[in-house]
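**Student:** What shape does this take:
(one chain, ligands or ions: 4)
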Amino acid sequence: MSVFAAERAVAINAVLQASKVCQKVFKQLVNNETITKKDKSPVTVADFSAQAVVNTILYHSFPNDPIIGEEDTKDLRVESGKELRAKIHSLTNSILDDPLDETTLLDAIDRGSYPGGSQGRMWTLDPIDGTKGFLRGEQFAVCLALLVDGKIQLGVMGCPNLPVDSKVPEGEKGCLFIAEKGQGAFQRKFSSTEETKIQMANISSILEASFCESVEAAHSSHGDAAKIASLLGITKPPIRMDSQCKYCSVARGDADIYLRLPTRDDYEENIWDHASGALLVQEAGGIVSDIYSKPLDFSLGRTLKSNKGVVVSHSKIYSQVIEVVQQVLLKK
Ligand SMILES: Nc1ncnc2c1ncn2[C@@H]1O[C@H](COP(=O)(O)O)[C@@H](O)[C@H]1OP(=O)(O)O
Ligand SMILES: [Mg+2]
Ligand SMILES: [Mg+2]
Ligand SMILES: [Mg+2]
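**Tutor:** Ligands and ions are numbered 1, 2, ... in the order given. The predicted structure follows:
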């Protein structure tokens, strides 16, 4: 029985509303609505607005729950952010039932500043995971997860550009993925409330496996992945896509392995880039670890500071995969 039925329903609504924001913006997006953050990553009016929408909906139902969200309003509160701020304001109010004034809007975004940790309830949000994919009109995801005492209990992801059926890539798009710990993994279309249980593919041999990885070679080493695939005898070409849609694809059996292989020593993965996806895959029969085969530790703050990279596979082939990952990465 669901322990977090109320949270599940609120999270689904929040992710669907935020997905609507993103779809609306994409239709109107022009280049000057992208700003570059200190870490050189892009952020758009949609990232801010989606965070405002989710944080406002969460606050309405769970006012005491802290949120670890990716975005903050530093660049919006200054004079040069005035125009962007106004666009975010009108966009957010076009989605929410009750309009917010500008100060309340900025404060709603900044409710995502929680430092995280090992104690208590908290949500983690990536309002747009895969902003580069979003800007290209490719894959991106709105990702929300609930953590209790550092463990993921609930994950909801909205993937507006993901085909409902991967075998029909030009067919209907827009999928919602839902996982609650111990309750399985589910998919539904944006256009329906009917949920379907999903499972990883039951492959009989690793030779049949396919793997997915980032589009951006700066986020995951394509070269190391190719070496690993070749040593495992995998012949299918990698499936490249942005965002946690990779976790969703693996969870529903479109691919069998997801490799995220470090490209630099100093990068710490953010918890919002993995929390909902990791739970989804685990609930669909997969194993998620880092390259040292350590479980991802979400209890240490805003980043996975004790982990390096991510390795995801069906539990049946995990030991083979991690052995070769370590052979390639650790014995260089
Ligand atoms: N060097 C890096 N290694 C791994 N992930 C990164 C790196 N730089 C940025 N990212 C993050 O990867 C995520 C997208 O991953 P993917 O390639 O799977 O779509 C983004 O959330 C992005 O963070 P940010 O949101 O700060 O840009
Ligand atoms: Mg970003
Ligand atoms: Mg992200
Ligand atoms: Mg993001």
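
**Student:** use CA for all of it now, contacts and neighbours both
**Tutor:** OK.

**Student:** From what I see, Pro262 and Asn307 are in contact.
**Tutor:** No - shown here, Pro262 and Asn307 do not form a contact pair, counting by C-alpha atoms under 8 Å, at 10.5 Å.

**Student:** State which helix of this protein is the longest.
**Tutor:** The helix spanning the most residues in the chain, taking DSSP state H as the definition, is helix 5-28.

**Student:** For that one, output the C-alpha coordinates as CSV.
**Tutor:** What follows is helix 5-28 as a C-alpha-only set of coordinates in CSV (Å, rounded to 0.1, in the frame of the first residue of the first chain):
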residue,chain,number,x,y,z
ALA,A,5,-0.4,8.7,-1.6
ALA,A,6,-0.9,12.4,-0.9
GLU,A,7,2.7,13.3,-1.8
ARG,A,8,2.4,11.2,-5.0
ALA,A,9,-0.7,13.0,-6.2
VAL,A,10,0.7,16.5,-5.4
ALA,A,11,4.0,15.7,-7.1
ILE,A,12,2.3,14.4,-10.2
ASN,A,13,0.2,17.6,-10.5
ALA,A,14,3.3,19.8,-9.9
VAL,A,15,5.4,18.0,-12.5
LEU,A,16,2.5,18.1,-15.1
GLN,A,17,2.0,21.8,-14.5
ALA,A,18,5.8,22.5,-14.8
SER,A,19,5.9,20.4,-18.0
LYS,A,20,3.2,22.6,-19.4
VAL,A,21,5.4,25.7,-18.6
CYS,A,22,8.2,24.1,-20.6
GLN,A,23,6.1,23.2,-23.6
LYS,A,24,4.6,26.7,-23.7
VAL,A,25,8.1,28.4,-23.5
PHE,A,26,9.5,26.1,-26.2
LYS,A,27,6.9,27.3,-28.6
GLN,A,28,7.9,31.0,-28.0
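
**Student:** Show me which residues of that helix are buried.
**Tutor:** Judged by neighbour count using 16 or more other C-alpha atoms under 10 Å, the buried positions of helix 5-28 are 7-8, 10-23, 25-26.

**Student:** do the same with stretch 323-332
**Tutor:** Buried residues in stretch 323-332, counting neighbours by 16+ other C-alpha under 10 Å, are found at 324-325, 329.

**Student:** What ranges does the stretch 51-200 of the chain have for its helices?
**Tutor:** Counting by DSSP state H, counting those that start in this stretch, the segments of the stretch 51-200 of the chain that form helices are 74-77, 82-95, 102-110, 131-136.

**Student:** Could you name the helices and strands sitting against the last one?
**Tutor:** Which is helix 131-136. The elements that helix 131-136 packs onto, with contact taken as 3 or more C-alpha pairs under 8 Å, 6 or more residues apart in numbering; DSSP states H and E, are strand 42-44.

**Student:** contacting residues around the residue of the stretch 201-332 of the chain found nearest ligand 4?
**Tutor:** Of all residues in the stretch 201-332 of the chain, Asp273 sits closest to ligand 4, at 7.7 Å by C-alpha to the ion. With contacts defined as C-alpha atoms under 8 Å, 6 or more residues apart in numbering, Asp273 is in contact with 126, 129, 143, 243-244.
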